[in-house]
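[1] Predicted coordinates and the sequence they were generated for:
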Amino acid sequence: MSQTYVNHNQQQKKYLFKIILIGSSGVGKTSLLSQYVHKRYIQQHKATIGVDFLTKDLQLKDSKGETCSVTLQIWDTAGQERFQSLGSAFYRGADCCVLTYDVNDQTSFENLDRWKNDFIHQAAPSSPSSSPIPYQLVVIGNKIDMENQRCVSQKRAQAWCTENSVISYFETSAKDHQLVEQTFESIARQIVLAIEKQFIIPYQNADPNKVDIKKSANNEKEKK
Amino acid sequence: MEHSEEYKLFKSWVPAQKISLGGLSEKVWKYYDFGPKDVAPLILIPGVSGTGEIFYKQMVSLCPKGFRLIAIHYAPYESLIGFCKGFDRFLDKLGLEKVHLLGTALGGYLAQCYYQTRPSRVLSLILNNSFCDTQYFHDNASCAAIFSLMPEFMLKRIVLNNFPQGEVEPDVAEAIDFMVQQLETLNQSELSSRLNLNCALGMLNPSGGLMSNITIIDTLDSTTIPERLREEVYKFYPNAKIAYLKSGGDVAYLSKASEMNVHIQVHLRNFGLDPLKEDGKDDDDEEGEEEEKEDNKNKEVNDGESPTRSKEQNTATTSTTSSSTSPTTNNINNNQPPPPVQERKSLFNDTHLNDDGELEEDEDEELYQSIFKNAKTLSNNNNNNNGTYNNKESIFESADHHE
């Protein structure tokens, strides 16, 4: 066993972001993810059961121009409620919640309110002391390839975003691979930016009330 | 942590069992087995300093969801081959044909070794902060050859030296405290055997890494396993699914149990273990929903009456729902060893109080939530005492005394 352990001090900053895709059933969450990670489009719709995740590594430049490596852990969730079995446990610790809707489907847009409240309710940070919100909210309107069937205008979606203090709104098509990559990259960049501005706290110094093992042990000793 | 509601539940639900494999030097395996008996179990293998008890959070939260978990405390073996043979016989004795394995640190290494000797028996692997090459530990161990001759307190000291130093999050500190307590229960032969296994030069075959039924759960702030070793694991298993946890130290199964459990569930579901109703035909599903609604009605009606009765009825109805929709998990609840009646009653009361008498659809989740709440308040109380991590010192003190 090691008596000394080498601490690899890396020059490159490393981030891990947990991103959660939520939205009504059939808006294309699984397709988006599969298109982004595997560059494959799934023709057939099959309801996602429970949750699953995929990871994707990225290289990004931060505001100072330094490259940092980012690992995205993107969670695909079931849109149908009866398959949502894991409860709130997996909402916790999310850096970004992507609210997804189908631009050709009015109800999926109207459901955004419910999804957003659901997420905020379940992801609520356990300690109320951490004042900055630890996650970002993003909206994606999917299926823009069917322009003639569109029933939610970009304007309307933007208005909803401003109303609900959602910073970014994206439109994609998982089918045609339109803007999928760019969207996720922008999301990653946005989180890096938020960390730099200390809107949210990265994992390296995640907890301000860390316990110093040695100190507390010494304190114990002194008490004795 | 040992006073938490969750731990008490674990103790009251799951009996500690022993099994002897006979032989010249008698090998006694201790284990905790819980959950429905008709599904392939997930075997939890601890690292150097762990016992079966360190996985109590997994057992308490996953077993009621229909998974069978067996947390083992393996007998001392001097060689990896010895362990693999022993483990094989252990599975024989329990009558387990095929199993899923979860190993943490050394446990993960042992799981990989066993997989390579008996691939047909292992359905899938979960490695938590593990490694696939012991060269590093072999090179760094100054006294590997004489572990078996060293007294107990010295061995404990070697293990303790590898526990994280400096600042850690409160929940990790608490978990380490628990680990130190568990370490105290190990005896000399167990410790020296585990250290030997950890430092013995490897037997993993490099061509065995192509399997894809692996999930690697790693915490990014792990300290005992250097990053180089972890990256070797990723290279060794290019098809594995890598699940990172942002924090949790080397004890994520205790400190970040809820996130870890999500990953375990996702893994088991991907590899054929799904106690939930799965891809049944649409008609079936609708039926299931209706039944659920009826269940709810029953709940509401029974709420005003005796709590134990309605609880019992609920479990009965859920068992019928699950058996009607998914044929693989017939009669989950019937085969499960029923928790003592008293425990059940108090559990029910808790949920009853917490939710103002309103019962939601998902019982297990609710049950878990109430357990979790209690555990949380208790742990908060513990934190206030500032009494974290004094056990390590006390062992050190006793060690000094011996010297």
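    Yep, that arrived.
[2] Going by C-alpha atoms from here, please, whenever you check contacts or count neighbours.
    OK.
[3] Spit out the contact partners of A:K143.
    Taking CA atoms under 8 Å, 6 or more residues apart in numbering or on different chains, we find A:K143 in contact with A:V27, A:G28, A:D102, A:V103, A:N104, A:T172, A:S173, A:A174, A:K175.
[4] Need phi/psi at the residue in the stretch 101-250 of chain B that chain A sits nearest to.
    Residue nearest to chain A within the stretch 101-250 of chain B: B:E167 (3.9 Å; CA to the nearest CA). In this entry, B:E167 is assigned phi and psi values of phi -80, psi 130 (degrees, to the nearest 10).
[5] Any buried residues in stretch B:180-194, and which?
    Along stretch B:180-194, these residues count as buried under the neighbour rule (16 or more other CA atoms under 10 Å in any protein chain shown): B:180-184, B:186, B:188-194.
[6] Actually, stretch B:210-229.
    Within stretch B:210-229, the residues that qualify as buried are B:213-227, B:229, counting by 16+ other CA under 10 Å.
[7] count of neighbours near B:S12?
    By the measure other CA atoms under 10 Å in any protein chain shown, the count of residues near B:S12 is 12.
[8] Residues of the stretch 51-200 of chain B that sit close to chain A?
    Those residues of the stretch 51-200 of chain B that sit near chain A, judged by CA under 8 Å from any CA of the partner chain, are B:136-141, B:158, B:161-162, B:165-170, B:173, B:195, B:198-199.
[9] shaky segments in chain A?
    For chain A, applying pLDDT under 70 flags the ranges A:1-11, A:81-87, A:124-133, A:198-224.
[10] Convert the C-alpha atoms of the longest helix seen in chain A to PDB, please.
    Taking DSSP state H as the assignment, the helix of chain A that covers the most residues is helix A:180-196. Coordinates of each C-alpha in helix A:180-196 appear next as PDB, following Å, rounded to 0.1, in the frame of the first residue of the first chain:
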ATOM      1  CA  VAL A 180     -27.500  19.800 -31.700                       C
ATOM      2  CA  GLU A 181     -23.700  19.900 -31.100                       C
ATOM      3  CA  GLN A 182     -23.600  23.700 -30.900                       C
ATOM      4  CA  THR A 183     -26.500  23.700 -28.400                       C
ATOM      5  CA  PHE A 184     -24.800  21.400 -26.000                       C
ATOM      6  CA  GLU A 185     -21.500  23.200 -26.400                       C
ATOM      7  CA  SER A 186     -23.100  26.500 -25.600                       C
ATOM      8  CA  ILE A 187     -24.700  24.900 -22.600                       C
ATOM      9  CA  ALA A 188     -21.300  23.700 -21.400                       C
ATOM     10  CA  ARG A 189     -19.800  27.100 -22.000                       C
ATOM     11  CA  GLN A 190     -22.600  28.700 -20.100                       C
ATOM     12  CA  ILE A 191     -21.900  26.600 -17.100                       C
ATOM     13  CA  VAL A 192     -18.200  27.200 -17.200                       C
ATOM     14  CA  LEU A 193     -18.900  31.000 -17.400                       C
ATOM     15  CA  ALA A 194     -21.300  30.700 -14.500                       C
ATOM     16  CA  ILE A 195     -18.700  29.000 -12.400                       C
ATOM     17  CA  GLU A 196     -16.100  31.600 -13.300                       C
END
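[11] contacting residues around that helix?
    Defining contact as CA under 8 Å, 6+ apart, one finds that helix A:180-196 is touched by A:17, A:32, A:35-36, A:60, A:62-63, A:70, A:72, A:95-96, A:136, A:138, A:170, A:172-174, A:200-202.
[12] Helices - which of the buried residues of stretch B:180-194 land there?
    Using DSSP H, the subset of the buried residues of stretch B:180-194 located in helices is B:V180, B:Q181, B:Q182, B:L183, B:E184, B:Q188, B:S189, B:E190, B:L191, B:S192, B:S193, B:R194.
[13] Looks like A:Q73 contacts A:L33 (just checking).
    No. Contact between A:Q73 and A:L33 fails when scored by CA atoms under 8 Å: they sit 10.8 Å apart.
[14] got any residues that touch both of these two?
    Shared contacts of A:Q73 and A:L33, counting by CA under 8 Å, 6+ apart, come down to A:L54.
[15] isn't A:I167 right up against A:C161?
    Yes. If you go by CA under 8 Å, A:I167 and A:C161 touch, sitting 6.9 Å apart.
[16] Compare those two (neighbour count), which wins?
    Comparing A:I167 with A:C161 by neighbour count (other CA under 10 Å), the higher total belongs to A:C161, at 17 against 13.
[17] Check which helix or strand the more buried one maps to.
    According to DSSP states H and E, A:C161 maps onto helix A:154-163.
[18] Check which residues of that helix are buried.
    Along helix A:154-163, the positions that meet the burial threshold by neighbour count (16+ other CA under 10 Å) are A:A157, A:Q158, A:W160, A:C161.
[19] helices or strands next to that helix in the packing?
    For helix A:154-163, the contact count by 3 or more CA pairs under 8 Å, 6 or more residues apart in numbering or on different chains; DSSP states H and E identifies strand A:168-171 as packing neighbours.
[20] Tell me which residues are up against the strand it packs on.
    Contacts for strand A:168-171 (CA under 8 Å, 6+ apart): A:L137, A:V138, A:V139, A:I140, A:G141, A:N142, A:I144, A:A157, A:Q158, A:C161, A:L179, A:T183.
[21] I'd like to know how far the last one sits from A:G141.
    With distances defined as CA to CA, to the nearest Å, the gap from A:T183 to A:G141 amounts to 11 Å.
[22] can you check A:S165 too?
    Computed with CA to CA, the distance linking A:S165 and A:G141 is 17 Å.
[23] which SS state does residue 75 fall under?
    If you meant another chain, say so; for now it's chain A. Of the three states, A:W75 takes strand under DSSP: H, G, I helix; E, B strand; the rest coil.
[24] Share the number of residues neighbouring it, please.
    Here the neighbour count serves as a burial measure; for A:W75 (other CA under 10 Å) it reads 24.
[25] Stretch A:162-170: how far from the chain's middle?
    With CA atoms, centre = their mean, to the nearest Å as the basis, stretch A:162-170 stands 15 Å off its chain's centre.
[26] hang on, the earlier thing: what's the closest of the buried residues of helix A:154-163 to B:F55?
    Sorting the buried residues of helix A:154-163 by how near they are to B:F55, with CA to CA, puts A:C161 at the top with 43.4 Å.
[27] quick one on the thing from earlier: list buried residues within the contacts of strand A:168-171.
    A:L137, A:V138, A:V139, A:I140, A:G141, A:N142, A:I144, A:A157, A:Q158, A:C161, A:T183.
[28] Near residue 123, how many other residues are there?
    As the question left the chain open, I've gone with chain A. Using other CA under 10 Å as the criterion, A:A123 is surrounded by 19 other residues.
[29] please go with chain B instead
    A count of nearby residues for B:L123, using other CA under 10 Å, gives 19.
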